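**Q** kindly return the folded structure for what I paste below:
(one chain, ligands or ions: 1)
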Amino acid sequence: MVTREPVLKAEEVAKYFEVKAYGRKKVVKAVDGVSLEVREGETLGLVGESGSGKSTLGRVILRVYRPTRGKVFFKGRDITDLPESRLRPLRREMQMVPQDPYASFNPLIPVGEALTEPLVIHGVATREEAREAILKMFERVGLTPPEEYFNRRPHQFSGGQLQRIAIARAMLLQPKLVVADEPTSSLDVSIRASILQLLKEFQERLKQAVIFITHDLALAKLVSDRIAVMYLGKVVEEGPTNEIFSNPQHPYTLALLTAIPTLDDYEPPKKVVLRGEIPDPSKVPPGCRLHPRCPFATDECGREEPPLIEVRPGHKVACHLIRKG
Ligand code: SF4
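**A** Modelled structure (predicted):
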């Protein structure tokens with residue numbers, strides 16, 4: 001059941017990176033002013049092309065990165081500037097399920113050992129208690145008999161098995177907030193459904209708030225209660241999943257929907273094809289950042305950035321055309 005109290009709230013969050021290219025400094029505006037909320041038991045699908053800033057936003061929300069500006073609240077507490085020592089106790093409640101499980105484990109350390117450390121560090125269990133909890137968790141995620149897996153190293157698992165271990169690692173600490181960053185995109189199609197099911201079971205049992213990051217709107221439709229569509233560091237449309245699919249408004253959302261070949265029961269109300277590719281986030285266009293690619297762009301679009309406004313209850317859109325009705 002979805003409750004009213006947000007587990008996670010982000011207010012006008014931005015994250016800029018300074019990078020050097022050919023001896024010149026440039027600023028990459030990976031996230032550029034995003035506000036969102038996720039409640040207990042709710043899944044927010046964060047959707048966009050690669051380069052839209054969704055993974056960076058996920059890391060800012062988990063305070064892996066400190067935001068350049070804006071605020072992050074976890075269970076009502078401002079965690080924006082908390083030092084690591086005060087963040088540590090909260091980290092058990094905020095976990096990530098990674099895209100590539102192989103990259104998220106040290107290849108030299110047996111997975112049982114890797115999962116023991118956080119439990120011991122957080123003072124949740126002794127080493128013996130941790131071993132017992134991990135074996136139970138291996139069973140719960142479908143790795144049986146669990147003793148067989150405890151001392152294996154990451155390369156001795158298939159991708160699907162290791163993603164189960166990554167989920168076990170995240171869920172051992174019973175988090176209230178989970179950021180799942182493309183958790184099935186590196187896996188074989190045949191095992192994706194079982195990984196999604198596993199995540200769903202944990203969410204229901206622990207009433208978790210989940211942010212599900214994906215480039216795939218069809219997948220977002222399957223797993224999300226609400227969807228936020230990101231483009232070049234901004235949310236351009238946000239709303240309940242049914243509303244986004246039955247009444248999409250933003251040209252970028254329409255373009256993403258047009259590009260989905262797999263939804264046979266669904267036809268977008270208007271087919272939209274964008275010009276070119278998503279630009280370099282160090283060269284954000286002025287005005288509406290979609291304007292160089294948008295087939296509906298006007299002069300105003302190149303001058304003024306459209307605000308994100310509510311067009312129906314819970315449904316927000318950032319586009320001058322929509323503003324004018
Ligand atoms: Fe296209 Fe203009 Fe709307 Fe941006 S504001 S999405 S350029 S019509």
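
**Q** switch to C-alpha atoms for all contacts and neighbour counts from now on
**A** Noted.

**Q** test my guess that residue 162 contacts residue 103.
**A** No - contact criterion C-alpha atoms under 8 Å: residue 162 and residue 103 do not qualify, at 10.5 Å.

**Q** out of the two, which sits in the busier spot?
**A** Neighbour totals were compared for residue 162 and residue 103, and residue 162 leads with 22 against 10 (other C-alpha atoms under 10 Å).

**Q** dump the residue contacts of that one.
**A** The contact partners of residue 162, taken as C-alpha atoms under 8 Å, 6 or more residues apart in numbering, are 101, 102, 154.

**Q** what residues of the one helix or strand it maps to count as buried?
**A** Residue 162 is part of helix 159-171 when elements are defined by DSSP states H and E. Under the neighbour-count criterion of 16 or more other C-alpha atoms under 10 Å, helix 159-171 has 159-171 buried.

**Q** please name the nearest non-neighbouring residue to the residue in the stretch 151-300 of the chain that the ligand sits nearest to.
**A** Nearest residue of the stretch 151-300 of the chain to the ligand (C-alpha to the nearest ligand atom) works out as residue 291 at 3.6 Å. Closest residue in space to residue 291, ignoring its immediate chain neighbours: residue 297 at 5.5 Å, by C-alpha to C-alpha, 6 or more residues apart in numbering.

**Q** wasn't the one you found part of a strand?
**A** No - counting by DSSP: H, G, I helix; E, B strand; the rest coil, residue 297 falls outside a strand, being coil.

**Q** intersect the buried residues of helix 159-171 with the contacts of the ligand.
**A** Near the ligand, judged by C-alpha under 6 Å from any ligand atom, there are no entries from these.

**Q** of those, just say which sits nearest to residue 42.
**A** residue 171 (16.5 Å; C-alpha to C-alpha).

**Q** so what's the closest one up against?
**A** By C-alpha under 8 Å, 6+ apart, the residues touching residue 171 are 95, 202.

**Q** per-residue pLDDT, it?
**A** Looking at residue 171, its pLDDT is 94.

**Q** likewise for residue 323?
**A** pLDDT, residue 323: 60.

**Q** before we move on, what about residue 38?
**A** Turning to residue 38, the model gives it a pLDDT of 98.

**Q** A strand includes it, no?
**A** Yes - counting by three-state DSSP, residue 38 is found in a strand.

**Q** residue 51 sits in which helix or strand?
**A** Per DSSP H and E, there is no helix or strand for residue 51.

**Q** what sits against the closest residue to it other than its chain neighbours?
**A** Spatial nearest neighbour of residue 51, excluding adjacent residues (C-alpha to C-alpha, 6+ apart): residue 232 at 6.6 Å. For residue 232, the contact set (C-alpha under 8 Å, 6+ apart) comprises 30, 31, 51, 52, 53, 278, 279, 281, 284, 289.

**Q** just checking, which of those belong to strands?
**A** Among the contacts of residue 232, DSSP state E puts 30, 31 in strands.

**Q** for the spatially most central residue of the chain, phi and psi?
**A** Among the residues of the chain, the one closest to the centroid is residue 213, at 3.1 Å (C-alpha atoms, centre = their mean). The phi/psi pair for residue 213 (degrees, to the nearest 10) reads phi -90, psi 130.

**Q** just to revisit the earlier point, secondary structure, distance to the ligand and neighbour count added to the contacts of residue 162, as CSV?
**A** Listed next are these as CSV, based on DSSP: H, G, I helix; E, B strand; the rest coil; distance: C-alpha to the nearest ligand atom, whole Å; neighbours: other C-alpha atoms under 10 Å:
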residue, secondary structure, distance to the ligand, neighbour count
101, helix, 36, 22
102, helix, 38, 17
154, helix, 44, 23
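
**Q** could you check the pLDDT of the residue lying closest to residue 91 once chain neighbours are set aside?
**A** Leaving aside its sequence neighbours, residue 91 sits nearest to residue 62 (C-alpha to C-alpha, 6+ apart; 7.9 Å). We have a pLDDT of 96 for residue 62.

**Q** and residue 62, what does it touch?
**A** Taking C-alpha under 8 Å, 6+ apart, we find residue 62 in contact with 91, 94, 95, 179.

**Q** picking up where we left off before, which residues touch the residue nearest to the centre of the chain?
**A** Contacts here follow C-alpha under 8 Å, 6+ apart; on that basis residue 213 touches 45, 46, 47, 54, 55, 58, 179, 180, 181, 182.

**Q** name the weakest-confidence residue in these, if you would.
**A** Out of the contacts of residue 213, that is residue 182, at 92.

**Q** so that residue is in contact with residue 212, correct?
**A** Yes - with contacts counted by C-alpha under 8 Å, residue 182 reaches residue 212, the gap being 7.2 Å.
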